[in-house]
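1. Let me see the structure of the following:
(4 chains)
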Protein chains: 4
Amino acid sequence: MIIQFVKNISASSKESILQMVKAQEYKTTEVLTQQGHYLICIGKKEFDLRTLGHMPGIADIHRVSDDYKLVSRKWKVNRSQIDLGDGVVIGEGSLSIMAGPCSIETEQQVEGTLTHLQANGVRIMRGGVFKPRSSPYAFRGLGVEGLKMWYQLARAKGIKIVTEVMQVSQIAEMYDYVDVFQVGARNTQNYNLLDELGKVDKPVMIKRGISGTIEELLYSAEYVFSGGNEKLLLCERGIRTYEKASRNTLDINAIPILKEKTHLPVIADPSHGIGIREFVEPVALASVMAGADGIIYETHQQPEKAASDGQQTLDFEESARLINRLQKAYALVQSF
Amino acid sequence: MIIQFVKNISASSKESILQMVKAQEYKTTEVLTQQGHYLICIGKKEFDLRTLGHMPGIADIHRVSDDYKLVSRKWKVNRSQIDLGDGVVIGEGSLSIMAGPCSIETEQQVEGTLTHLQANGVRIMRGGVFKPRSSPYAFRGLGVEGLKMWYQLARAKGIKIVTEVMQVSQIAEMYDYVDVFQVGARNTQNYNLLDELGKVDKPVMIKRGISGTIEELLYSAEYVFSGGNEKLLLCERGIRTYEKASRNTLDINAIPILKEKTHLPVIADPSHGIGIREFVEPVALASVMAGADGIIYETHQQPEKAASDGQQTLDFEESARLINRLQKAYALVQSF
Amino acid sequence: MIIQFVKNISASSKESILQMVKAQEYKTTEVLTQQGHYLICIGKKEFDLRTLGHMPGIADIHRVSDDYKLVSRKWKVNRSQIDLGDGVVIGEGSLSIMAGPCSIETEQQVEGTLTHLQANGVRIMRGGVFKPRSSPYAFRGLGVEGLKMWYQLARAKGIKIVTEVMQVSQIAEMYDYVDVFQVGARNTQNYNLLDELGKVDKPVMIKRGISGTIEELLYSAEYVFSGGNEKLLLCERGIRTYEKASRNTLDINAIPILKEKTHLPVIADPSHGIGIREFVEPVALASVMAGADGIIYETHQQPEKAASDGQQTLDFEESARLINRLQKAYALVQSF
Amino acid sequence: MIIQFVKNISASSKESILQMVKAQEYKTTEVLTQQGHYLICIGKKEFDLRTLGHMPGIADIHRVSDDYKLVSRKWKVNRSQIDLGDGVVIGEGSLSIMAGPCSIETEQQVEGTLTHLQANGVRIMRGGVFKPRSSPYAFRGLGVEGLKMWYQLARAKGIKIVTEVMQVSQIAEMYDYVDVFQVGARNTQNYNLLDELGKVDKPVMIKRGISGTIEELLYSAEYVFSGGNEKLLLCERGIRTYEKASRNTLDINAIPILKEKTHLPVIADPSHGIGIREFVEPVALASVMAGADGIIYETHQQPEKAASDGQQTLDFEESARLINRLQKAYALVQSF
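-> Reported below is the predicted structural model:
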């Protein structure tokens, strides 16, 4: 059960509500986000809502049978939109395209990518400055200095930044230069990181775990939301299966299922989802057709020379063609 | 290496070619299909094609590095089309829609389905008369008698039949009443069945195994082709993963990968691929966008009363809407 | 519910029982095996057993909540033993070792293997004469002629034969030369084959499907049992997972779980379960410790020269060492 | 290639070696652990070791073809032992048993567990004070205060502590009260945490990721080792598969494979590996038979009342029986 408090609820009203709920042997978690003030109530008893409904301080009460509460569509039927400012809004009503290299490498590379994106009407650039790598001896990214350089160039062109944060201590140093914090597939269940991102007032995009279930992804989002941050995106990026003909298996089913279960926007990552450059386009188009609110993919001036993930990275010509086709596919879905 | 013989090659020419190839320590398999006469040559040595190229009786020689040969696109760049007669052709150039119930149940049900399909321009009806069921105590289908009834009604309306064959002994009894033999996911590696279907001159659609790899599917097709039957379709129907929010995980990646590896038409089955009625449509549309040549799905007058698979079966209204949208999605893909 | 009839139940008694059960809207399947006569009753109503218990012709009634009935331990608490004759008994009370090559190749090979087995007290030899192979161009086994040769040599030494049957038509031609019919992992859900093996009075060992669940394996066994054949063995042989460091992942958990769920003997196949020669021994020993009633593994005079599966095949020295250690491990488990 | 420096290598010798290696276009990482001083050299060229071998400052040079270097058995054939002090040594030569509750709950609970362990000769107690939980509303553990309480009671009885660390900031606060830091399955690829644990001089046990490969586990260990900490244990705890009859699938194959690939001790966790109380014993025994150097499992006075994981937790009677049998199984393996 989610009890939505009125704005500026009085301390005494809150206390009365808490006592009433606890008397029913419910455990409560108070959640104050940028947009609302909630009491999450978890218990087993049947609850007569009439005993609560008339109490002062209550704006609304929602029964939510899912074990995740705040991210469930059962209480929030209208889909969430995430406003990045300057007219860039993610969610229902438009297709968000996020593109850029796997790793931020050089000023020239960033400049080239920004020019390409701008020319094709893309408002969000992806790129990594902290890279999680299997081997400790591999390139781990340019770090915060690279992020600052990127930020200056991107702001000049009005382009927003989505980039991965790998640990709690990076949140503060990255904060001023990031529009969307990305939680990578290896960190989907790094609960300390999720807890801290719950305290931030910038959007967070959580990638599904390498072998994470849809339910686990929703729980991870619940961590951030219940920590106080409603600005959330979910990203399907392929799961690990026995099939070795592709890097991962993009779970196309997850897109309509997530759209049914949660009010949060759902993004698809075809680059990691299949991992093979020549097939990124059909998988991206399929994801839009399945209902994705956005697509995040990798593009680079010279994929062959990219510091990482070159085998799944589009060149700018392929990228421009994809953007064009994504828009057509989205227009078709919208017409249905 | 595939050596393509000329039509009506003389015995002496063939003998000379065989001796030449065997002298290089190659193992050979002679394949005579409805459409061609081939010698499949498997060996490790480098082979100087000039020693062969001028020999009488050879129409063409193709190097094929894949372990499956005849189904590979490396020698047959033009995509195969399967002609079912009466203007019904599966493959490149049109989207094949195959729809119908999980199980054939009654005359009235078949009649109703045919009427629905005809009204929506669908030329192929699916349905099961032999049902593979986990439990020996479950409904196993109407058998050949049901097939005959279905055939009579379908022929009257000019609609073709695709249905599952489960064992060698059924091939002959089903033969006269079937347009496409379907090999089910539990039989993808039933090699005796594949061998026998190689001797038939009717099309065969092979479903990917429950946890089959893409490569295994191609090998299974190679069994049928090398047995003498070129009329082959492949079907992606979802694989088994750890995710339990859907019945199977439709492997959207498999569609572009198969289209790259083989010249055979690729069909997608969203009904089994996700297993949840309300999500069949987005997954079907996604499959077309990913490059599928056809869609096979389950529809029934009253899905709630279907003898099997009701939870993933569309009613006729949903089916009509899907057909309409599939055509639009296919038109968009074709325009790219 | 399983109703066990008395031996030679009268037609009228049976009819009365059938009417009583059907009146409760239960579906029934009558099963006559080598050892008993049963009525499998499937329905949803609560059933007052007292209304049945006193009827003539009923030896016993068992409630079985599992969906598989006859193979469940819920009605047959005592574990089944399979008697192959000549003092060779599989099941509780002794460890059954089955060893031999992947493929039967030559008389000399069979002779050598038999001598090795006899010297080490092994009474059952495994080997393939019909080989399911991914590629149609690979060696498919010696067929029935190879089986006859093997049979003659094995009988002379009092050694029993377990070998794979791939299709219905082979059952009759193999019958006289086989002690245990093996159903391979690709055929676990080949229901026609299971149906036919239900009519045979020789033991059947069913391997778990390549990605089969434990429950599906039990259902497959239910097919054979309900067809009339109680002489059943189950075999854990590794499942398909994302891990590529081994050929398959032997599911050690399946052994105690199967032993809990069914009264049938459980065999483990470490050769396929890990697929790497040097690690067959530890996995075999682990399987015994987990409760396996038997071990089936591959051994060959010269594994490097084996026609198939050489990479997971032990030589005779390794095999002799393994047999010795298996006996010690089994003795330890028995002492607990 | 791993170059092992002599102790107290001179700056000039090191510089000469570095120049020589870099001249061959090798990338280098210098590693100083508690026990050695190494230069990890990664490059593609063939390298003539004679050009290096005679240089001053070099103790030894090892070619290591694996991509992980320091944890590979290719350079360190002798197995590592981890000395926890007071005669508690993990690794080859003895079986390490680690037991205790999922969560540390109360003083009384800890006291009871310690008494049980001491009575059965177990020297290491497991327990969680920071609990990673899917839902943000679930019990997350007693935190550092619980750890201090536990430490005081355990030290009094000479029992060592292994417990999970979830984030970088916890390392310092936990340091004084921990004998082995455990990295949980959700954090196996939390590289920042691994980096920091590389700087600690206390042992670290890394659990395999929920769907981690064996190779990824070795890479994660390489992070810690190359960070400076050689005191490492690896733990197989079951992987995620499609099978739902058990919580996870303990990968018994991983035990011999890891023992072949790395010199680090390998521990098995049957509690999480199968997740069903009554089957923990057979899986634990199987793990010893497969070559595990230790077993970690969950036990509690009253499993039914445990704050978490009760369904897979042994009571003290079952635990005592298991310890006794584990020792017998280990003795048998040692005798081989």
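2. Tell me where the stretch 1-150 of chain A has strands.
-> Secondary structure of the stretch 1-150 of chain A (DSSP state E, counting those that start in this stretch): strands at A:2-5, A:27-32, A:37-42, A:58-62, A:82-85, A:88-90, A:96-100, A:124-126.
3. Show me what the last one is packed up against.
-> It refers to strand A:124-126. Under the contact criterion of 3 or more Cβ pairs under 8 Å, 6 or more residues apart in numbering or on different chains; DSSP states H and E, strand A:124-126 touches strand A:96-100, helix A:107-119, strand A:160-164, strand A:294-298. In short, each C-beta sits where N, CA and C put it, glycine included.
4. check contacts around residue A:22.
-> Residue A:22 is in contact with residue A:28, counting by Cβ atoms under 8 Å, 6 or more residues apart in numbering or on different chains.
5. Return the per-residue confidence for it.
-> Listed pLDDT for residue A:22 reads 88.
6. With adjacent residues omitted, what lies nearest to residue A:67?
-> Spatial nearest neighbour of residue A:67, excluding adjacent residues (Cβ to Cβ, 6 or more residues apart in numbering or on different chains): residue D:135 at 6.2 Å.
7. sorry, that was for residue A:131
-> Spatially, and ignoring its direct neighbours in sequence, residue A:131 is nearest to residue A:141 (4.0 Å; Cβ to Cβ, 6+ apart).
8. Double-check the one you found against residue A:127; I have them as touching.
-> No: using Cβ atoms under 8 Å, residue A:141 makes no contact with residue A:127, being 9.4 Å away.
9. could you measure residue A:5 against residue A:13, distance?
-> The gap separating residue A:5 from residue A:13 is 8 Å, by Cβ to Cβ, to the nearest Å.
10. overlap in contacts of those two?
-> Common neighbours of residue A:5 and residue A:13 (Cβ under 8 Å, 6+ apart) are residue A:57.
11. From the neighbour counts alone, determine which of the two ranks first.
-> For residue A:5 and residue A:13, the more surrounded residue by other Cβ atoms under 10 Å in any protein chain shown is residue A:5, and the numbers stand at 21 against 15.
12. give the contact list for residue A:39.
-> Here residue A:39 is in contact with A:2, A:3, A:5, A:17, A:18, A:21, A:28, A:29, A:30, A:31 (criterion: Cβ under 8 Å, 6+ apart).
13. For beta bridges, what are the partners of the second one?
-> Partner residues in beta bridges with residue A:3, using DSSP bridges, are residue A:39, residue A:61.
14. What is the neighbour count of it?
-> 25.
15. and residue A:201, how many neighbours does it have?
-> Neighbours around residue A:201, by other Cβ under 10 Å: 11.
16. how about the strands of the stretch 1-150 of chain A in TSV, adding mean pLDDT?
-> Shown next, in TSV, are those (pLDDT from 0 to 100):
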stretch	mean pLDDT
strand A:2-5	92
strand A:27-32	90
strand A:37-42	90
strand A:58-62	90
strand A:82-85	96
strand A:88-90	97
strand A:96-100	98
strand A:124-126	98
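17. Let's have the ones you listed in a markdown table, adding distance to residue D:123.
-> Listed next are those as a markdown table, based on distance: least, Cβ to Cβ, whole Å:
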| stretch | distance to residue D:123 |
| --- | --- |
| strand A:2-5 | 48 |
| strand A:27-32 | 38 |
| strand A:37-42 | 39 |
| strand A:58-62 | 52 |
| strand A:82-85 | 53 |
| strand A:88-90 | 54 |
| strand A:96-100 | 53 |
| strand A:124-126 | 50 |
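18. what's the closest of the ones you listed to residue C:121?
-> strand A:37-42 (61.2 Å; Cβ to Cβ).
19. And the closest one, what's buried?
-> Neighbour counts over strand A:37-42 (16 or more other Cβ atoms under 10 Å in any protein chain shown) mark A:37, A:38, A:39, A:40, A:41 as buried.
20. Any chance of a markdown table for these, columns distance to residue C:74?
-> Below are the buried residues of strand A:37-42 laid out as a markdown table (distance: Cβ to Cβ, whole Å):
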| residue | distance to residue C:74 |
| --- | --- |
| A:37 | 53 |
| A:38 | 47 |
| A:39 | 46 |
| A:40 | 42 |
| A:41 | 41 |
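21. want to throw the helices and strands packed on strand A:124-126 into TSV with mean neighbour count?
-> Listed next are the helices and strands packed on strand A:124-126 as TSV, based on neighbours: other Cβ atoms under 10 Å in any protein chain shown:
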stretch	mean neighbour count
strand A:96-100	26
helix A:107-119	18
strand A:160-164	24
strand A:294-298	27
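22. Tell me which of the ones you listed sits nearest to chain D.
-> strand A:160-164 (11.7 Å; Cβ to the nearest Cβ).
23. How far away from the center of its chain is the closest one?
-> Distance of strand A:160-164 from the chain centroid (Cα atoms, centre = their mean, to the nearest Å) equals 11 Å.
24. Would you mind getting the angle between the helix or strand that that strand is followed by and strand A:160-164?
-> Scanning forward in sequence from strand A:160-164 by DSSP states H and E, the next helix or strand is helix A:168-175. Interaxial angle, helix A:168-175 versus strand A:160-164 (axes from the mean of the first three to the mean of the last three Cα atoms, to 10 degrees): 170 degrees.
25. who does the helix or strand following helix A:168-175 pair up with?
-> Counting by DSSP H and E, the next helix or strand C-terminal to helix A:168-175 is strand A:180-183. Partners of strand A:180-183 in the sheet, by DSSP bridges, are strand A:160-164 (parallel), strand A:204-207 (parallel).
26. okay, now whichever residue of the stretch 101-250 of chain A sits closest to chain D: neighbour count?
-> In the stretch 101-250 of chain A, the residue that lies nearest chain D is residue A:211 (3.1 Å; Cβ to the nearest Cβ). The number of residues packed near residue A:211 is 23, by other Cβ under 10 Å.
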